[in-house]
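Trainee: All I have is the shape, not the residue letters:
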């Protein structure tokens, strides 16, 4: 049986957008607004695919949408 995986994304910016959307969906599903939980969810989602600055930007963006 083939594992459920997303198709490859050709461009780095598209991958970054994809990671951000996945992290936002996970935060939304958990219904959390705790900054620590949001950081943990983003950390698991990006799994060393981005640098520290990009990681912080994703956390800030996802954290901003968590309160909505």
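Mentor: Cool, the structure landed. Being a predicted model, the structure only gives us computed values, none of them experimental. Numbering: from 1, shown residues only.

Trainee: mean confidence for the host helix or strand of residue 29?
Mentor: Using DSSP states H and E, residue 29 falls within helix 12-30. The pLDDT scores in helix 12-30 average 90.

Trainee: Go through the helix or strand just after it and flag the buried ones.
Mentor: Going down the chain from helix 12-30, the next helix or strand is helix 35-46, by DSSP H and E. Within helix 35-46, the residues scored as buried using 16 or more other CB atoms under 10 Å are 38, 39, 41, 42, 45, 46. C-beta here means a position set from N, CA and C on the backbone, and glycine is covered the same way.

Trainee: For helix 35-46, name the packing helices and strands.
Mentor: Judged by 3 or more CB pairs under 8 Å, 6 or more residues apart in numbering; DSSP states H and E, helix 35-46 is in contact with helix 12-30, helix 52-66.

Trainee: Please produce TSV containing those helices, extended by mean neighbour count and distance to residue 5.
Mentor: Converted to TSV, the helices and strands packed on helix 35-46 look like this (neighbours: other CB atoms under 10 Å; distance: least, CB to CB, whole Å):
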stretch	mean neighbour count	distance to residue 5
helix 12-30	15	12
helix 52-66	15	20
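
Trainee: Please identify which of the ones you listed is closest to residue 4.
Mentor: Among those, the nearest to residue 4 by CB to CB is helix 12-30 (13.0 Å).
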